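Asker: need a 3D model of the following:
(3 chains)
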Amino acid sequence: MAVDISLAHLDRPFDYLVAARDDDIAAPGCRVRVRFAGQLVDGYLLDRADTTEHQGRLSYLERVVSPEPVLVPEIAGLARAVADRYAGTLADVLRLAIPPRHATAEREPGPEAAKPPETPRPGSWARYPAGPAFLHALAEGRPVRAAWSALPGPDWPGEIAVAAAAAASAGRGTVIVVPDARDLARVAEALTAGHVPHVSLAADLGPAERYRRWLAVRRGLVNVVAGTRAATFAPVADLGLVILWDDGDDLHAEPRAPYPNAREVLALRAHRANAAALIGGFARTAELTQLVANGWAKPLTGGPEALRTLTPRVIAAWGVTDDSELAKDAAALSARLPSLALRTAREALRGGRQPSSRQPEPGATVPGPVLVQVPRRGYLASFACDRCRAPARCALCQGPLQITGSHQVPDCRWCGALAADWACRNCGATRVRALVTGAARTAEELGRAFPGVPVRTSGGSHVLAAVSDEPALVIATPGAEPVAAGGYAGALLLDGWALLGRPSLRAAEETLRRWLNAAALTRPAAPVVVLAEAGLPVVQALIRWDPVHFDEREVAERAELGFPPAVRMAAVSGDPAALADFLLSAELPPAAEILGPVPVDGADDTERALIRIDRHRGPELARALHAAQARRSARKESGAIRVQLDPAEVV
DNA sequence: ATCGTCATTTGT
DNA sequence: CAAATGACGATC
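Answerer: Sure, this is the predicted structure:
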């Protein structure tokens, strides 16, 4: 059996005797209680056997908590593999995988088994040249794996539903994971509309309802599950397909140990279960690009005709050679809203003519709501030239500037150099300004610029799911953009600097992801103004709606620099003495490179080291880190050390 | 938390 | 030299 103790040196099965009275209910997978080192602890029965390797005396199981076999073999194996991948313990992963028991829900018989749907029609998958073949493979139960670049527009939940129906028509189950509750509602609605029997495992269900639905899945009464990241481990019977939407969203990263990411777990799960996979979104991640490069997944992208007709018309606020807009904006700059953006919004709101050289869609001139994407509150203020608003960067290392504590002079976030006699490399001005652009202030300013137009806001604790087709300004932070019933008539992406200026390895990729996600909500050929320079590769990728090539370049660059996903990184943190001891005693593979340790900002007495190793030696590194944790926990050494593989932010 | 093992101390 | 004590490590 597996005991529920997350100490690395106890992360292995223990043998117990089963009393005669428990013999018929003690089935593999059920919850049990045992005396372990004097204490009563919970655990899961992994297996029954007639013999033991153990030399000493065996204890009896204290009791069988419930005969319900909640830990099915597929998940037991997956959880072990995830623990190994992330240098964590099985107990920690099982806490993420299996919901708390609810005895009342367990006694209920559950719903009747649903009958599988017919093979679905391809529908909007027909717009993808490889779409019909992909569905055909699913309906035949073949383990096809797709890196999906979804076409812009509202059809993706329906496409997910069709894929799940295709797998179901082959008698196979599907796990669908989306970032948040609003996406989940869309997918659940599409499944219902497509007559695909399913359960939705939302995070906000009460414990009873959550366990009731989860049990219906475990008991094989439903075989399509949609949910947020906790659904990654849903014990779907005869898994045939895993689906992950918007795999770059940081909500897919589990914040509890051992910090697994839904994409990695689902890819591992599909691989182990010989199931198909559909992973993607409007954007691409470096990790998914890597899976394509390895040959694990094949690209599934829209046809050129579909791309041409469906994508918005993206306009960068500043062209590389075009100073005329910049000159016009000189006055408007103080208001942070370039005249092009205001003009575009005005035309979209009242249904004006589109200044397009291409054939405008008839719908594009119909008035409608305009989406305005603004930076999330609490972003680190980034700095820009006071005159031309080019990002202010360190003269020595090109790092981003910041203002800390009492200093009036900005310093570099990367190398720490003071930017005392800073001069703009673009225009020569010597003053910097902080770009503090909160949603509330932008809303206020836009409201004044468009008297009589309703202003709706979505973000933070107040998130709108949808807005009507009436002309309105819809101000939203990234990830909180409401869906407009008939698509937005236009969009303004105002957070370019704040996003691109973030001191993160993923800044460009993440910026493109947020832009594409917002731009995908517009009508075909609707104008989208992005406040960034047209010459930047990330802006070009948006204009051409080509996240794949952008990301391929990104991955190649990261490989040259020795950044993930070309290498595997581990972050190890804790108090300085414990960390030093850990790093010294850990028998890391010789190829591992230790960076740091350095103090962690904002935490007293905590340091962090990064460990870098070739991607193929990831398993070795994880094993060594787990062994080092085991050594520490066996010696009851004080001061916890946190080990995190693939840390999200490697600055 | 509790138990067993093994080295060390203590009592004859 | 045997019994008592205690440190340590494993934990079924």
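Asker: dump the residue contacts of A:Cys385.
Answerer: A:Cys385 is in contact with A:391-392, A:424, A:426-427, A:429, A:431-433, counting by C-beta atoms under 8 Å, 6 or more residues apart in numbering. Backbone N, C-alpha and C define where each C-beta goes, glycine included.
Asker: in a markdown table: the residues you listed, plus secondary structure, distance to DNA strand B and neighbour count.
Answerer: A markdown table is the format used below for the contacts of A:Cys385 (DSSP: H, G, I helix; E, B strand; the rest coil; distance: C-beta to the nearest atom of the strand, whole Å; neighbours: other C-beta atoms under 10 Å):
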| residue | secondary structure | distance to DNA strand B | neighbour count |
| --- | --- | --- | --- |
| A:Pro391 | strand | 55 | 22 |
| A:Ala392 | coil | 56 | 29 |
| A:Cys424 | coil | 63 | 20 |
| A:Asn426 | coil | 64 | 15 |
| A:Cys427 | coil | 67 | 13 |
| A:Ala429 | coil | 66 | 17 |
| A:Arg431 | coil | 62 | 11 |
| A:Val432 | strand | 57 | 20 |
| A:Arg433 | strand | 58 | 16 |
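Asker: in terms of pLDDT, where does the closest residue in space to A:Leu90 that isn't next to it in sequence sit?
Answerer: In space, and not counting its chain neighbours, A:Leu90 is closest to A:Ala83: 4.9 Å by C-beta to C-beta, 6 or more residues apart in numbering. A:Ala83 carries a pLDDT value of 98.
Asker: ditto for the one 5 residues further on
Answerer: If you check A:Gly88, the pLDDT there is 96.
Asker: how about the secondary structure of it?
Answerer: coil (DSSP: H, G, I helix; E, B strand; the rest coil).
Asker: next up, phi/psi of it, please.
Answerer: Main-chain dihedrals, A:Gly88, degrees, to the nearest 10: phi -110, psi -170.
Asker: was I right about it contacting A:Pro258?
Answerer: Yes. At 2.4 Å, A:Gly88 counts as touching A:Pro258 under the criterion of C-beta atoms under 8 Å.
Asker: okay, and the common contacts of the two?
Answerer: A:82, A:643.
Asker: the more surrounded of the two?
Answerer: With neighbours defined as other C-beta atoms under 10 Å, A:Gly88 and A:Pro258 compare such that A:Gly88 has more, 28 against 24.
Asker: so where's the stretch 551-651 of chain A shaky on pLDDT?
Answerer: A:650-651 (pLDDT under 70).
Asker: look up how far A:Ala270 lies from the residue of it found nearest DNA strand B.
Answerer: Residue of the stretch 551-651 of chain A nearest DNA strand B, by C-beta to the nearest atom of the strand: A:Lys636 (7.9 Å). The gap separating A:Lys636 from A:Ala270 is 40 Å, by C-beta to C-beta, to the nearest Å.
Asker: you'd agree A:Val528 is in a strand?
Answerer: Yes. Applying three-state DSSP, one finds A:Val528 inside a strand.
Asker: state the pLDDT value of it.
Answerer: 94.
Asker: indicate the residue of the stretch 501-650 of chain A located nearest to DNA strand C.
Answerer: For the stretch 501-650 of chain A, C-beta to the nearest atom of the strand, closest residue to DNA strand C: A:Ala634, 4.6 Å.
Asker: which parts of the one helix or strand A:Gln629 maps to are buried?
Answerer: Using DSSP states H and E, A:Gln629 sits in helix A:618-634. The neighbour-count check on helix A:618-634 (16 or more other C-beta atoms under 10 Å) flags A:618, A:620-622, A:624-633 as buried.
Asker: pull the distance from it to the chain's centre.
Answerer: Helix A:618-634 sits 27 Å away from the centroid of its parent chain (C-alpha atoms, centre = their mean, to the nearest Å).
Asker: neighbouring contacts of the helix or strand following it?
Answerer: Downstream of helix A:618-634, the next assigned helix or strand under DSSP H and E is strand A:642-645. Residues outside strand A:642-645 that contact it (C-beta under 8 Å, 6+ apart): A:85-88, A:257-259, A:568-574, A:618, A:621-622, A:625, A:629.
Asker: sheet partners, orientation included, of strand A:642-645?
Answerer: strand A:567-574 (antiparallel) (DSSP bridges).
Asker: next structured bit after the strand it pairs with?
Answerer: helix A:576-585.
Asker: report all helices and strands that that next one contacts.
Answerer: Judged by 3 or more C-beta pairs under 8 Å, 6 or more residues apart in numbering; DSSP states H and E, helix A:576-585 is in contact with strand A:567-574, strand A:593-599, strand A:607-614, helix A:618-634.
Asker: sheet partners, orientation included, of the second one?
Answerer: Yep, that's strand A:593-599 we're talking about. strand A:607-614 (antiparallel).
Asker: what's the angle from the strand it pairs with to helix A:576-585?
Answerer: If you take axes from the mean of the first three to the mean of the last three C-alpha atoms, to 10 degrees, strand A:607-614 sits at 20 degrees to helix A:576-585.
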